[in-house]
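Engineer: Below: sequence and its predicted model.
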Amino acid sequence: GAGVSQSPRYKVAKRGQDVALRCDPISGHVSLFWYQQALGQGPEFLTYFQNEAQLDKSGLPSDRFFAERPEGSVSTLKIQRTQQEDSAVYLCASTNSGTGIYEQYFGPGTRLTVT
Amino acid sequence: DQQVKQNSPSLSVQEGRISILNCDYTNSMFDYFLWYKKYPAEGPTFLISISSIKDKNEDGRFTVFLNKSAKHLSLHIVPSQPGDSAVYFCAANPSNDYKLSFGAGTTVTVRA
């Protein structure tokens, strides 16, 4: 496909479980972003990769959140010991700008519900 | 601290009329502004952008206006069509910074 894809689309986790969310960016896109969108809010920045380098993780809400992009393409966002406040839609975006300052292309998101 | 604010959570407009969506920001370092459109169960889709060196950018039925002194931008959709019914997000970032700051969104409903 031509767009950003994410899997799974929906995830239900019991509190305390670990989850892994996958993002396949547009082929060749250098920059990759993760955002968290709570209900009724706009997306909030979590972390940014340029190729395989994680240049900014300032938005990650706690050390339970971890992201990687080992080969500079697919990225995984991992949340350990999930809590109810982690329930949100997690969006991945990519852009072919190395500076990442132009329009970002978003995937459909993964809706995480922690029960 | 919400740096981008969309104070109208919803807007209802009749088909064929103009939709005007507003956005205010507080960070004077922002110099690139974008509007995204989002349908249910889909990710946001880029719609139109404007650089701070301009005060207007037009693309078909969509026009974005920027008033830097007022730290305000607006999106005009003319004429509104049923397919325009969606959530619209305003976003911004400073120069040389990749982080987008988003507003909370405005839900537009176009009535037939």
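Structural biologist: Here it is on my side, so go on.
Engineer: Mind jotting down where the strands sit in the chain?
Structural biologist: Assuming you mean chain A. For chain A, strands defined by DSSP state E occupy the ranges A:5-7, A:10-13, A:19-24, A:31-37, A:44-50, A:53-56, A:65-68, A:75-79, A:88-95, A:105-106, A:110-114.
Engineer: Let me rephrase: I mean chain B.
Structural biologist: Listed in chain order, the strands found in chain B under DSSP E are B:4-5, B:10-14, B:19-25, B:30-38, B:45-51, B:56-59, B:62-67, B:72-77, B:86-94, B:101-102, B:106-111.
Engineer: For B:Tyr32, find the nearest of the strands of chain A.
Structural biologist: Closest of these to B:Tyr32 is strand A:88-95, at 12.5 Å (criterion: Cβ to Cβ). Backbone N, C-alpha and C define where each C-beta goes, glycine included.
Engineer: Excluding chain neighbours, give the residue nearest to A:Ile26 in space.
Structural biologist: In this structure, A:Ile26 finds its nearest non-sequential neighbour in A:Ser94, 5.2 Å apart by Cβ to Cβ, 6 or more residues apart in numbering or on different chains.
Engineer: Spell out which residues of chain A are next to chain B.
Structural biologist: Proximity of chain A to chain B, by Cβ under 8 Å from any Cβ of the partner chain, involves residues A:4, A:6, A:31, A:33, A:40-45, A:48, A:56, A:59, A:91, A:93, A:99-109.
Engineer: Now a ChimeraX select for only the buried ones of those residues.
Structural biologist: To isolate the buried ones among the residues of chain A next to chain B in ChimeraX, judged by 16 or more other Cβ atoms under 10 Å in any protein chain shown, type:
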select /A:4,6,31,33,41,42,43,44,45,48,56,59,91,93,100,101,103,104,105,106,107,108,109
